[in-house]
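Visitor: compute the structure for the input listed below.
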Amino acid sequence: MSVTPYLLLHGAWSGGWQWRPVARLLRETGHEVFTPTLTGLGERVHLASPAVDLETHVTDVLNVLAYEDLRDVVLVGFSYSGMVATAIAERAPARLAHLAYVDAFVPEDGQSLLDMAGPEAAAHFETLARDHGDGWLIPHDPPDAPRRTPHPLRTFQGRVAVHKPAAAALPHTYVYCTDKPELRGGNAGIATSAARARAAGWRYRELPTTHVAMETMPRELADLLLELS
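Guide: From the prediction side, this is the model:
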């Protein structure tokens, strides 16, 4: 069996730790797995600053690809990091073998996450940052969730350019989680992304679970990702 490198990107208010159950299952099959934590989040929360934006997180992942010299990568974006994964595919398509989205935002050209979430959710996030995050941090709700860290607002405001034929030509998979009443602000944008993926003829799968499938159905999600190797 050939070894496939998996690069798993976590969601907002989170860190690489979020993928631990799935990463363990993928490694047990002999594959390489990388779960970087994006700047200002998780164990890198001490690096949070008003300057952290979407481009910062894109650079984080580009540097993992470059310094680990990764090629033929299955790149997986979850939730917010669908924005990051889309930008990575535009910048470094030659290093990727497959682009997968797990209940993630998939922007069209020029869209930000706030554009996709809609005006009500955008206003909610901006109000939270203004009232409880010094104008630049969005606190997690609920605030006492374990290991959750405030998320830099500017990462939600960054727009992604989508126009490279080489990125569009990559195999794409979308995994949609169908049972997530807990997800408020971003649910519309994620549902729109799933519908776009199906309309575009992407490989499409569903899991009957909450938004954080890597925590609630790790074996089932790992099995879906293993199909991509």
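Visitor: quick one: the helices in the chain?
Guide: Under the criterion DSSP state H, the chain contains helices at 20-28, 54-67, 81-91, 113-117, 119-132, 153-157, 165-168, 187-199, 213-216, 218-226.
Visitor: elements contacting the second one?
Guide: With contacts defined as 3 or more Cβ pairs under 8 Å, 6 or more residues apart in numbering; DSSP states H and E, the secondary structure elements packing on helix 54-67 are strand 5-9, helix 81-91, helix 153-157. Where C-beta positions appear, they are placed from N, C-alpha and C, glycine not excepted.
Visitor: can you redo those as TSV with distance to Ala100?
Guide: As requested, the helices and strands packed on helix 54-67 are exported to TSV (distance: least, Cβ to Cβ, whole Å):
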stretch	distance to Ala100
strand 5-9	9
helix 81-91	8
helix 153-157	20
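Visitor: can you lay out these as TSV showing mean pLDDT and distance to Met214?
Guide: Converted to TSV, the helices and strands packed on helix 54-67 look like this (pLDDT from 0 to 100; distance: least, Cβ to Cβ, whole Å):
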stretch	mean pLDDT	distance to Met214
strand 5-9	98	8
helix 81-91	98	12
helix 153-157	98	20
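Visitor: save those as TSV, and put in mean neighbour count and distance to Thr59 too.
Guide: Shown next, in TSV, are the helices and strands packed on helix 54-67 (neighbours: other Cβ atoms under 10 Å; distance: least, Cβ to Cβ, whole Å):
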stretch	mean neighbour count	distance to Thr59
strand 5-9	25	13
helix 81-91	25	10
helix 153-157	22	12
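Visitor: Asp134 is nearest to which of those?
Guide: Among the helices and strands packed on helix 54-67, the nearest to Asp134 by Cβ to Cβ is helix 153-157 (10.0 Å).
Visitor: give the other helices and strands that the closest one contacts.
Guide: Using 3+ Cβ pairs under 8 Å, 6+ apart: helix 153-157 touches helix 54-67, helix 113-117, helix 119-132, strand 137-138.
Visitor: could those be laid out in CSV, adding mean neighbour count?
Guide: Putting the helices and strands packed on helix 153-157 into CSV (neighbours: other Cβ atoms under 10 Å) gives the following:
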stretch, mean neighbour count
helix 54-67, 18
helix 113-117, 22
helix 119-132, 15
strand 137-138, 22
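Visitor: any chance of the ones you listed in JSON lines with distance to Ala48 as columns?
Guide: What follows is these, written out as JSON lines (distance: least, Cβ to Cβ, whole Å):
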{"stretch": "helix 54-67", "distance to Ala48": "10"}
{"stretch": "helix 113-117", "distance to Ala48": "18"}
{"stretch": "helix 119-132", "distance to Ala48": "12"}
{"stretch": "strand 137-138", "distance to Ala48": "7"}
